[in-house]
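1. when you get a sec, could you give me coordinates for this:
(2 chains, ligands or ions: 2)
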Amino acid sequence: MSGVLSMNGARMIVDTLIEEGVEVLFGYPGGAVLPIYDALYERRETITHILTCHEQGAAHAADGYARAARRPGVVLATSGPGATNLVTGIAAAYMDSTPLVALTGNVPLALLGRDSFQEVDIAGVTMPITKYNYIVKSPGEIRASVRDAFAIAQSGRPGPVLVDIPRDIAEAPCGAQREKRHSPCVPVPSEREMDAFARALARARRPVLLIGGGVVADGAGVTAAMLAERLGAPVCATLMGLGALPWDHPLFLGMLGRHGLPEANRAVEACDLLLAIGTRFTERAAEDRRQFAGQAQIFHIDIDPAEVNKNIPADAALCGRAGAVMEGLLARLPAPPREPWGAAFTPFARRAFPEPGTPHALIHTLWRLRTPGMTVVTDVGQHQMWTAQTYGFSRPGELITSGGLGAMGFGLGAAVGVALARPGRRVALVTGDASLHMNMAELATAVALALPISVFVLDNAGLGLVRQLQDEQCGGRRFAVTPGLRTDWVRLAEAMGARGLSLAGQSPERVVREALTTEGPCLTHCPVDPACNA
Amino acid sequence: MTDRFVLSVLVNNQFGVLARIAGLFARRGYNIDALTVAETENPAFSRMTVVVGGDDYVLEQIVKQLMKQVDVRSVERLTQKDAIFRELLLVKVESAPETRQDILALVGLFDARVTDWSEHALTIELTDQPDIITALIDRLRVHPILEICRTGLTAIPRGDAAGVPPVSGA
Ligand SMILES: Cc1ncc(C[n+]2csc(CCOP(=O)(O)OP(=O)(O)O)c2C)c(N)n1
Ligand SMILES: [Mg+2]
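-> Numbering: from 1, shown residues only, chains lettered A, B, ... in the order given. Ligands and ions are numbered 1, 2, ... in the order given. Predicted structure coming up:
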């Protein structure tokens, strides 16, 4: 090939990705993105493309990567079915506010709107599940569209942005580029608002802190702990907020809500002021809006002003980054830490040991045997709740789970992304038999990349969480929750090139240790009692 | 208490912006009574005037959700006191020689205009506040109405403030 490559749309896209600091992207090729893949080939020394088995896996991988690396994940798919396969992954990122840039190819401009082969209006499809999306309609827009996508995905409350690129735009020579338009903006509370908020906060007799995903996303766990100590306030977390406070912090009570710990829920019921930080009070956390924190004033801190008063009316609110706002409050609160009021609540660290043989005990074993820097990823179902209830998380980002969308099939793809974002450190995926059946193909991806992912399939022979709901809400009429699948997980793992282990009849201790020290991917079949509830 | 609000929304004149805003309303279950949109004097922006029904909670949510949109530059709530509200009506009424004078009297009374005139029908045009438009329609109902087209409300604040950034600053 001759010296200087002429600039076309595809090269411009790849160059812009590199300029944005992208080292890894996840994707799956096809006709409409052929020019982009060709440009990626040219820059393969600088930017690594990870080929998954399914675009959904690629989207979850980019999401997992973003959560673990705390910078945007990038996913690339072809037009039509490639693009629609991204949808669940984009929605998961949207619901959990992960910065994700999704690039899709599309049919050439002249064929758009004609129901051409593999044409889908992916911008229309993803409008409600992206912060923003573009169809790039001229080669001069490419650089700005991609750069804006990164800016929007990361600014304020993060989220996914999709850029749809017709094939001829990627092939067109491109000259002058329009300037990037979007500059990030984050709300900052005024001094007066902060003063008033801090004064009112200091007056509370029985304050409780509720930590949400916003604190994790901002990496503001230490500040949250300092604030709790200053206020003498017990702390509970939403599913997404787990890890912000270390499990052994004396004020930490664990997860609240429908599947939460009784101690955490009791504290919320008893407090006279609930300081909620970076949470939107979904009905999973605050099931009964009228009775939630019934004796308390609600003080709300969120980066997104639209979350204030949306689900639970706030008596006071500050909009801004969790960390910065909490630091501002610390500077205003009286210096000596208050005596904690919630001595009646047992901290998470002193919770009772789970009974041997239960799924909780298995999670407890996994936690005891965790390796340094290990990340826990989950799928969706009872196993996810058992993990959230039992595992002691020490750092923000240690748990990666689909909280908002609750997408079964999230786990393996996400684990691949996390493993790539945290090289050299182990990923433990706690999944369910049904969740793993959904997207198990990505185990092959993990094998191809020799990633240190230890999969634990908690096999209750069915859709446990739905079975539980049918027992609770449908008078025990169980239907379509025990599929009768007969997958031999150990052999499946081996057939896919992973190591297969089983807990059946073994000491969990020994098998879990072995699973966590296997070099590459490994899958451990963990039979659990189908009658256990979460 | 439910009410009707008039919001004046300045948006980037960007492909898909109408679908995006309309979709936002539909998705979150807000009721749009009327929506008008057109380019402003600066072609980089469009002005949307949206009439929505709801209580204070809905109003707060709508404004905040609109403000989150990348393409939304400003959202302003307008009231009768501080803004001029206008709507355009085109209405076609059946008219016979013996009713024509009555209809024309109404047209005169409301300061409306006859814009089309055929053997059996008159088309009347009126630009006014929505309640006056409704009043004219009500009065015309004694004659068979063949068709009504209302544009929905558009509005502009009174006074001398400019609402759109100048062309150069776009
Ligand atoms: C994609 C998707 N489909 C359906 C559901 C509804 N759902 C929630 S939990 C669950 C069962 C999950 O079964 P499994 O993965 O085996 O986990 P378990 O509850 O048994 O631990 C289902 C079907 C969902 N969350 N996601
Ligand atoms: Mg199961």
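
2. domain ranges for the chain?
-> You didn't pick a chain, so chain A it is. Listed domain ranges for chain A are A:9-171, A:191-349, A:352-527 (source: automatic domain parsing).

3. you answered for a different chain; I wanted chain B.
-> Chain B breaks down into these domains under automatic domain parsing: B:3-78, B:84-154.

4. can you tell me which of those domains is most buried?
-> Across these, averaging neighbours per residue (mean count of other Cβ atoms under 10 Å in any protein chain shown) puts domain B:3-78 on top, at a mean of 17. Heads up, the C-betas are built off the backbone N, CA and C, glycines and all.

5. coming back round to it: any idea which of the domains of chain A is most buried?
-> Most buried of those, by mean neighbour count (mean count of other Cβ under 10 Å): domain A:9-171, with a mean of 22.

6. and the average pLDDT for that one is what?
-> Domain A:9-171 shows a mean pLDDT of 97.

7. and that domain, how far apart are its ends?
-> With Cα to Cα, to the nearest Å as the measure, domain A:9-171 spans 6 Å from end to end.

8. quick one: is that domain near ligand 1?
-> No - using Cβ under 6 Å from any ligand atom, domain A:9-171 never reaches ligand 1; the gap is at least 6.9 Å.

9. now do that domain: distance to the chain's middle.
-> 18 Å (Cα atoms, centre = their mean, to the nearest Å).

10. quick check, it touching chain B?
-> Yes - remark: domain A:9-171 sits within contact range of chain B at A:Ala123, A:Gly124, A:Met127, A:Pro128, A:Lys131, A:Tyr132, A:Ile135, A:Lys137, A:Ile152, by Cβ under 8 Å from any Cβ of the partner chain.

11. just name the closest of these to chain B, please.
-> A:Tyr132 (4.5 Å; Cβ to the nearest Cβ).

12. give me the beta-bridge partners of that closest one?
-> As for beta bridges, A:Tyr132 partners with A:Val161 under DSSP bridges.

13. circling back: for ligand 1, find the nearest of the domains of chain B.
-> For the domains of chain B, the distance to ligand 1 is smallest for domain B:3-78, at 20.4 Å, taking Cβ to the nearest ligand atom.

14. which residues are in contact with residue 93?
-> Since no chain was named, I'll use chain A. A:Ala59, A:Ala62, A:Asp63, A:Ala66, A:Gly73, A:Pro99, A:Leu100, A:Gly159, A:Pro160 (Cβ atoms under 8 Å, 6 or more residues apart in numbering or on different chains).

15. chain B is the one I meant
-> Going by Cβ under 8 Å, 6+ apart, B:Val93 touches B:Ile103, B:Ala121, B:Leu122, B:Ile124, B:Leu140, B:His143, B:Pro144, B:Ile145, B:Leu146.

16. what's whichever strand or helix holds B:Glu125 in contact with?
-> If you go by DSSP states H and E, B:Glu125 is part of strand B:121-128. Strand B:121-128 has contacts (Cβ under 8 Å, 6+ apart) with B:86-95, B:100, B:103-104, B:107, B:110-117, B:132-133, B:136, B:140, B:146.

17. any idea which helix is longest in the chain?
-> Here I'm looking at chain A. Ranked by residue count and defined by DSSP state H, the top helix of chain A is helix A:55-69.

18. chain B, not that one
-> helix B:56-68.

19. with just CA atoms, put that one into PDB.
-> What follows is helix B:56-68, C-alpha atoms only, in PDB (Å, rounded to 0.1, in the frame of the first residue of the first chain):
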ATOM      1  CA  ASP B  56     -48.200  20.700  38.700                       C
ATOM      2  CA  TYR B  57     -46.400  17.400  39.000                       C
ATOM      3  CA  VAL B  58     -46.800  16.800  35.300                       C
ATOM      4  CA  LEU B  59     -45.700  20.300  34.400                       C
ATOM      5  CA  GLU B  60     -42.500  20.000  36.500                       C
ATOM      6  CA  GLN B  61     -41.700  16.600  35.000                       C
ATOM      7  CA  ILE B  62     -42.300  17.800  31.400                       C
ATOM      8  CA  VAL B  63     -40.200  20.900  31.800                       C
ATOM      9  CA  LYS B  64     -37.300  18.800  33.400                       C
ATOM     10  CA  GLN B  65     -37.600  16.100  30.800                       C
ATOM     11  CA  LEU B  66     -37.500  18.600  28.000                       C
ATOM     12  CA  MET B  67     -34.500  20.400  29.500                       C
ATOM     13  CA  LYS B  68     -32.600  17.100  29.400                       C
END
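
20. after that helix, next one along is what?
-> Downstream of helix B:56-68, the next assigned helix or strand under DSSP H and E is strand B:72-78.

21. who touches the helix or strand harbouring A:Ala170?
-> Element membership of A:Ala170, judged by DSSP H and E, is helix A:167-171. Contacts to helix A:167-171, defined as Cβ under 8 Å, 6+ apart, come from residues A:8-10, A:13, A:31-36, A:39, A:79, A:105-110, A:136-139, A:142.

22. now, those that are in helices?
-> Per DSSP H, the subset of the contacts of helix A:167-171 in helices is A:Gly9, A:Ala10, A:Ile13, A:Leu34, A:Pro35, A:Ile36, A:Ala39, A:Ile142.

23. understood, closing this out.
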